[in-house]
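Participant: Give the three-dimensional model of this entry:
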Amino acid sequence: MINKSQAKAVAQSYLQNLQVQLLGLQDRKLCLQLLECLLDCYPDALLSLGDDLVYGICEAIDGEKDPQCLMLIFRVVEVLAQLFPESSGPLANFAGDLFDILGCYFPIHFTHPKGDEIDVKREELSRALMLAFASTPLFEPSAIPLLLEKISSSLPSAKVESFKYLSYCTLKYGGDRMEKYTESLWSALKNAIFTCPHSILSVDSYTIDGIGFHESEIMAQAHELLQVLVQQHNASFLNLILGDGDISTFLKSFSQFNDFNSLSSEYKQRLHAVARILSVCVKSSGSSCNKVFESFFPRLVDALRFSVENSPEAIHSALDAKFNFGALYLCVELLAACRQLVVSSDKVASAPDLSHDTWCQILHSFSTSLCNVFFCLIRASCAEITWNAYVYAAVKGLEILATFPGSFISASKFMYEKILLTLMSIIESDFNKTFLWKAALKVLVEISLFVNKYDEDVKAASFNSIVMQKIVSLISSGDLNMPLSLKIQAIFDIGMTRKSFMLAAASQLEKTISANLSEIFVHGNLQLAELTAVLLECYSIKVLPWFHCNGGADEVSLNFAVNIFAKMENITSLSLGVKGNEFLDATMAAMKQAVAGCSMESQEKVLRKAFDVMATCSLFLSKDLILGTNRFNEKSQLCQTFDGLSCRDEWITSLFASVVIALRPQTRIPNIRLLLQLLTTTLLEGHLPSAQALGSLVNKLPVNISENCSLEEVIDTLFKNEMWCNIIIGKECNDGGAVNMGNPRISSMNSHAVIGLAWIGKGLLMRGHEKLKDVTMTFLSYLVSSGHNRNLLPFKDQIKDGAEHEVLCLRKSAADAFHILMSDSDACLNRNYHAIIRPLYKQRFFNIMLPMFLSAIVKCDSSTTRCFLYQAFAHLISETPLAAIVGDAKKVLPVLLDCFLMLSKDVSHKEIIYSVIIVLSGIITDKNGQEAIVENAPTVICRLTELTSYPHMMVIRETAIQCLAAMSEFPYARIYPMRTQVLQALSKALDDTKRVVRQEAVKCRQAWASIASRSLHF
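Facilitator: Numbers count the residues shown, from 1 in each chain. Model prediction:
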């Protein structure tokens, strides 16, 4: 650190010896940083330099163009203005010269470069310049005329910047200095607001916010400046507005336009402009609001053509009259503005009480009449789009009148309840009028939010009795006319505004689901099952996540899960058929979502209840299962023990498995060995959720489950179960005999076992357990098994007897197991269900399996075995992150290309081919993988040209052509020899039946046809 005298000496030397603008970029930047540091840290030392300092700074910054240096310059000017704030000081002597330098940069036209060398953006430069403009009132004589001039620029960006700078400078310069510009500013504002071409009124019958003006940035900044000026020059500027001839003339023209359809776009533009101007005035202060209401509101009410006496005859006659849309629109906008004034004043403790102001009295006198007008408009509404503008204005007006804070009761209790009744009538009866229905629902949501925010007890009681109770009852009503989707939308949108409302909605939804389940299970009403599935989806996707975010999820989830199991416990028989599968899936999804949201203690309660219900299954009551596995050792009884799951058993087992899938790792599981035996048994019956539950168990079980049981013991118990013996290739059961593949039930059980083993392996893989090695070696032994090796394939004799198909199915399951191992699942083993996920587990598994696959493929001499290996390999690489594959691209690419050749012969492999070509496209477009592509370019291009005519999937042809287009940028010498082959393939693709493929072929053909012109450069 240096002292003040030293700082002054540095500054003097700086001013005398440095010509900053003659230096290089980095030196200029250092000089400006030094100047900024001196001004920031040693202002007292520099004060005595006076005029010399200001003049020296002007000389140092004049003509600078570098963005980074400009940021420093604008900051220097801002600090300099703080150093010499006096109106007759050194800065005042050079204010004009200094601003001439700054003014050259307005408006900022700098655009951010593509490179990363310069990290200054245009917005940052613009803000820094604005702060410099407003840093001292001494710039006002030069700044304001410049900004007013730029408002008339033909560049939209210049207009936007001018209004933005004027708003900020007006606040900083103060009202006294800005008083002389008020007329010029009003003229510029009015011209911009009235003539801006980008504000267009639109009405969309499908969106609640469909009516409105899509404002440009110019309009937004102009309105901001208008608000600043009205607040700063309240009386004088307001008089300019209220006395403006254009506004007065416009308001007098209301009688000429009685229908929305008769309004020209210019009139709508002017209508919006006047509404925004008056709204800004109303929101600025209570006195401004008084003047606007006194001047315009009675006139607007008269233009609406209704009697303020509120006679029934006037209301009925209004139905046949064409309402004046202009007056209606302005009324609603002014109502919204004065409500905003009230809300903003309530937030400020020192704000004056507005409840006794003139505008408030005027509004009270007209509020009932206005409500009646809005009611008339709603009753007169029809499905035609031309009425949507009136509907929007009417419902918005009712919302405003119903949501004034308590001290500003713009609608009496009677009228408030009438508003709620009218809106509820729309919800219940007018659901076929989309725009009206959505508008009414949105207003009810806003009213509920208001009541909750401002603690309006009286209004809250009315809302609860009139709206919430009816909304909740909608879900259980037998009225099938109203679509269920709308019922759900209404109950959820309003319910989420308050926790007590959502609790009531969830309770009613749960009761309805429970009642429907009884009807479905007893009478097999599948039509009701479809509706209940929708309710379950709503419960799991909307209700439970809402409680998870807002609190209370544990109790709600626990009650739901326990009640579902209680319902299943009371059912003695069930028969839903195949059509009930979708309903079962929805119930399982809701169960998993509910259990996943429970605490550990609540999950243990659900699990105990699930065990109790599971004990009622015929499968659970089997003596073989209760006693363990002794009698399963006899293969003769293996086929006789179970005869498939009954419908009731399948439902209970599926829900039980759903609970297991969603458990937390810390949740204590009673009788773990019995649970394993139970899930293993149902797995072999083809029950997929049981397999997923087993995978979830081995993934999430702690290392020490209890004092008498560890994770390793559970895994050993699981794999030593005699029921797995049939799928372990190369091993025999206890009696030394081979598996009897002649029995189709045995074959089916083995296929299910392979899938189950895959899910178990997935759970082990995700947690990084070493037992995974045994699982993957089992799958590999299936894939490489050969009919010539009796040790690897103990089915040779049976194949001669016609069991070859069953053997191939098992090998196909083993190949598909790698897809299960590597793919992400929404049904289980994800973060939503508390799975243990080791970082980079896919990359590690890929690195382990790649050499094994490459070795097996090289040694393979059977086309059938090679096909299964390619299927498994395709599953492996398609689910591996691209970065890991690119690192071994030279090893992967040859096998990947062979996959296309082998698998494209069978239409059933089209999905696998698509996943592989996606991997190939990633390697082609990745810089690190292009070296391997270039080395194998002829083979890659050959395979891709073959896929351009692949008949079974359009997206494969499209992706192949895109890959060829990307390869057209590769080194000329490697791809030119293949040019003719590619162009011939693309010529055929130009006649493809799909337009997307033809378009890609045109682009690709142009790229490859232009390769010849690159030869000269090469």
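
Participant: Look up how far residue 402 lies from residue 334.
Facilitator: Distance of residue 334 to residue 402, computed by C-beta to C-beta, to the nearest Å: 17 Å. In this view, the C-beta of every residue, glycine as well, is placed from N, C-alpha and C.

Participant: I should have written residue 333 there, sorry.
Facilitator: For residue 333, the distance to residue 402 equals 17 Å [C-beta to C-beta].

Participant: and these two? which has more neighbours close in?
Facilitator: residue 402 (25 against 21; other C-beta atoms under 10 Å).

Participant: right, and the more buried one touches residue 419 too?
Facilitator: Yes. Between residue 402 and residue 419 there is a contact at 5.0 Å, judged by C-beta atoms under 8 Å.

Participant: who touches both of those two?
Facilitator: residue 411 (C-beta atoms under 8 Å, 6 or more residues apart in numbering).

Participant: Can you pull the poorly scored residue ranges out of the stretch 1-150 of the chain?
Facilitator: For the stretch 1-150 of the chain, applying pLDDT under 70 flags the ranges 110-118.

Participant: Mark out where each domain of the protein begins and ends.
Facilitator: Segmentation of the chain into domains, based on automatic domain parsing, reads 1-155, 885-1017.

Participant: TSV for those, including distance to residue 366 and mean neighbour count?
Facilitator: Shown next, in TSV, are those (distance: least, C-beta to C-beta, whole Å; neighbours: other C-beta atoms under 10 Å):
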stretch	distance to residue 366	mean neighbour count
domain 1-155	38	17
domain 885-1017	60	18
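
Participant: and these as TSV, adding distance to residue 619?
Facilitator: Formatted as TSV, the domains of the chain follow (distance: least, C-beta to C-beta, whole Å):
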stretch	distance to residue 619
domain 1-155	64
domain 885-1017	34
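
Participant: Please enumerate the helices of the stretch 201-350 of the chain.
Facilitator: 217-232, 234-242, 245-252, 265-284, 286-303, 312-320, 325-346 (DSSP state H, counting those that start in this stretch).

Participant: could you check the angle helix 217-232 makes with the fifth one?
Facilitator: If I follow you right, that is helix 286-303. 120 degrees (axes from the mean of the first three to the mean of the last three C-alpha atoms, to 10 degrees).

Participant: what's helix 286-303 in contact with?
Facilitator: For helix 286-303, the external contacting residues (C-beta under 8 Å, 6+ apart) are 230, 234-235, 238, 242, 251, 254-255, 278, 281-283, 308, 324, 326-327, 330-331, 334, 337-338, 341, 345, 352, 354, 357-359, 362-363, 366, 369-370.

Participant: neighbouring contacts of stretch 943-956?
Facilitator: Contacts for stretch 943-956 (C-beta under 8 Å, 6+ apart): 897, 900-901, 904, 907, 910-911, 913-914, 917, 957, 960-961, 963-964, 967, 981-982, 984-986, 988-989, 994, 996-997, 1001.

Participant: What's the separation between residue 607 and residue 675?
Facilitator: The value you get for residue 607 to residue 675, if C-beta to C-beta is used, is 9 Å.

Participant: what sits in contact with each of the two?
Facilitator: Counting by C-beta under 8 Å, 6+ apart, the residues touching both residue 607 and residue 675 are 660, 669.

Participant: what packs against the host helix or strand of residue 696?
Facilitator: In this assignment (DSSP states H and E), residue 696 forms part of helix 688-700. Applying 3 or more C-beta pairs under 8 Å, 6 or more residues apart in numbering; DSSP states H and E, one finds that helix 688-700 contacts helix 647-662, helix 672-683, helix 711-720, helix 744-767.

Participant: From the contact counts, what lies against the second one?
Facilitator: Judged by 3+ C-beta pairs under 8 Å, 6+ apart, helix 672-683 is in contact with helix 623-627, helix 647-662, helix 688-700, helix 711-720, helix 744-767.

Participant: Give me the angle between the last one and helix 688-700.
Facilitator: The directions of helix 744-767 and helix 688-700 differ by 30 degrees, with the same axes, to 10 degrees as the criterion.

Participant: Check which helices and strands helix 744-767 sits against.
Facilitator: For helix 744-767, the packing partners by 3+ C-beta pairs under 8 Å, 6+ apart are helix 672-683, helix 688-700, helix 772-784, helix 804-822, helix 841-859.

Participant: Which stretch among those helices is buried most, on average?
Facilitator: helix 688-700 (a mean of 26; mean count of other C-beta atoms under 10 Å).

Participant: Sketch out the low-pLDDT regions of the stretch 151-300 of the chain for me.
Facilitator: 196-214, 254-259, 261.

Participant: can you give me the helices for the stretch 901-1018 of the chain?
Facilitator: Ranges of helices within the stretch 901-1018 of the chain are 910-925, 930-935, 937-947, 954-967, 972-975, 979-989, 995-1009, 1011-1017, based on DSSP H, counting those that start in this stretch.

Participant: quick check, distance from the longest one to the centre of its chain.
Facilitator: Right, the one you point to is helix 910-925. Distance, stretch centre to chain centre, for helix 910-925: 27 Å (C-alpha atoms, centre = their mean, to the nearest Å).

Participant: got it, and stretch 895-909?
Facilitator: Taking mean C-alpha positions (C-alpha atoms, centre = their mean), stretch 895-909 and its chain are 37 Å apart.

Participant: what's in contact with stretch 121-134?
Facilitator: For stretch 121-134, the external contacting residues (C-beta under 8 Å, 6+ apart) are 67, 70-71, 74-75, 77-78, 81, 102, 105-112, 139, 143, 161, 164-165, 168-169, 171-173.

Participant: Restricted to helices, list those.
Facilitator: Among the contacts of stretch 121-134, the members found in helices (DSSP state H) are 67, 70-71, 74-75, 77-78, 81, 102, 143, 161, 164-165, 168-169, 171-173.

Participant: Can you get me a residue count around the residue lying closest to residue 836 once chain neighbours are set aside?
Facilitator: Distance criterion C-beta to C-beta, 6 or more residues apart in numbering; nearest residue to residue 836, sequence neighbours excluded, is residue 767 at 4.5 Å. Residues lying near residue 767 (other C-beta under 10 Å) number 20.

Participant: Surely residue 767 and residue 829 touch.
Facilitator: No. Taking contacts as C-beta under 8 Å, residue 767 lies outside contact range of residue 829: 9.8 Å.

Participant: quick one: common contacting residues for these two?
Facilitator: Counting by C-beta under 8 Å, 6+ apart, the shared contacts of residue 767 and residue 829 are residue 699.

Participant: what's near enough to touch residue 618?
Facilitator: 646, 649.

Participant: no wait, residue 4
Facilitator: By C-beta under 8 Å, 6+ apart, residue 4 lies in contact with 42, 44, 45.

Participant: which residues does the nearest residue in space to the first one that is not next to it in sequence contact?
Facilitator: Read that as residue 42. In space, and not counting its chain neighbours, residue 42 is closest to residue 7: 3.8 Å by C-beta to C-beta, 6+ apart. If you count contacts by C-beta under 8 Å, 6+ apart, residue 7 has them with 38, 41, 42, 45, 46.

Participant: go on, residue 988?
Facilitator: Counting by C-beta under 8 Å, 6+ apart, residue 988 makes contact with 948, 949.

Participant: quick one: the closest residue to residue 914 other than its chain neighbours and residue 192, what's the gap?
Facilitator: Take residue 914 and drop its neighbours on the chain: the residue closest to it by C-beta to C-beta, 6+ apart is residue 956, 5.3 Å away. Separation of residue 956 from residue 192 (C-beta to C-beta): 55 Å.
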